[in-house]
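Trainee: I'd like to go over a predicted model; first the sequence, then the structure.
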Amino acid sequence: MKIFLDTANLASIRTYNDMGIVDGITTNPSLLYKEKQSPESVMREIVELIKGPVSLEVIGTKSEEMITEAHKLVKFGKNVVVKIPMIPEGLIAVKRLRDEGIPTNVTLIFSANQAILASKAGASYVSPFIGRLDDIGQEGMVLIREIVQIFRNYNFDTQTLVASIRHPLHVIEAAKIGAEVVTLPPDILGKMIKHPLTQTGLDLFLNDWKKIDKDLLI
Ligand code: E4P
């Protein structure tokens with residue numbers, strides 16, 4: 001399973017990238033807004049920093065606008081994946097970009113039918129937003145199970161990128177189902193690293209080490 005970070009925060013990206021646990025990045029306009037910096041320079045820096053796929057989202061809602069934006073975004077680096085919303089105009093853009101060999105990530109997926117159509121249009125990734133489904137009382141993980149099964153049944157080459165993840169259990173469930181990618185906010189990746197028994201265990205070891213007679217330490 002690949003782990004992407006769902007953020008535009010350069011400090012977090014650097015921290016986790018240095019640990020070798022980040023396979024790629026996803027961003028969106030809201031995440032870029034939070035950084036209060038030029039979105040273009042942030043996007044360029046992320047693309048330079050990360051070797052793996054970096055999803056950068058278009059703002060246009062007409063296919064021609066999306067395609068023009070995509071052409072600009074892919075100039076930032078070879079690892080750019082163009083994020084396109086799951087709307088009819090978006091599917092037209094996905095098909096055209098696929099024909100040009102430009103990878104896409106179809107975002108704002110909330111049903112298996114949307115995932116099937118995005119894949120048919122030529123999406124490299126589909127991003128089902130499970131947390132937002134959980135928020136309205138529908139079990140997001142059920143959607144992941146459906147999409148993964150359908151794509152397997154027909155050997156679709158689109159990868160399922162589990163998005164809108166809210167806690168570490170979402171990651172374990174997605175991994176058990178066999179989704180190819182999860183994209184996580186940095187704080188959730190941080191929670192996955194920690195375990196209280198690891199910390200108390202380490203404290204105990206270090207404490208006992210301090211008690212060793214100094215003369216015995218060569
Ligand atoms: C995915 O690519 C999106 O950026 C993201 O996962 C949305 O998550 P949210 O529901 O926490 O905003």
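Mentor: Okay, I see it.
Trainee: strands paired with the one helix or strand residue 126 maps to, and their directions?
Mentor: Assigning secondary structure by DSSP states H and E places residue 126 in strand 125-128. Paired neighbours of strand 125-128 in the sheet (DSSP bridges): strand 104-109 (parallel), strand 159-162 (parallel).
Trainee: which of those sits closest to the ligand?
Mentor: Closest approach to the ligand among these is made by strand 104-109 (5.6 Å; CB to the nearest ligand atom). (Glycine included, C-beta is placed from N, CA and C.)
Trainee: next SSE after the closest one?
Mentor: Counting by DSSP H and E, the element after strand 104-109 in chain order, helix or strand, is helix 112-121.
Trainee: residues from the chain in reach of the ligand?
Mentor: Contacts of the chain with the ligand, taken as CB under 6 Å from any ligand atom, map to 6, 26, 28, 107, 127, 129, 131-132, 163-164, 183.
Trainee: recalculate using a threshold of 8 Å.
Mentor: Contacts of the chain with the ligand, taken as CB under 8 Å from any ligand atom, map to 6, 26-28, 30-31, 55, 83, 105, 107, 127, 129, 131-132, 135, 161, 163-166, 183, 185.
Trainee: just the residues you listed: which are in helices?
Mentor: Within the residues of the chain next to the ligand, residues falling in helices by DSSP state H are 30-31, 131-132, 135.
Trainee: so can I have TSV of those showing neighbour count and pLDDT?
Mentor: Output for these, formatted as TSV (neighbours: other CB atoms under 10 Å; pLDDT from 0 to 100):
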residue	neighbour count	pLDDT
30	9	98
31	18	98
131	15	98
132	15	98
135	12	98
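Trainee: who's the spatially most central residue of the chain bridged to?
Mentor: Geometric centre of the chain, nearest residue: residue 183, 2.7 Å, by CA atoms, centre = their mean. When assigned by DSSP bridges, residue 183 has beta-bridge partners residue 4.
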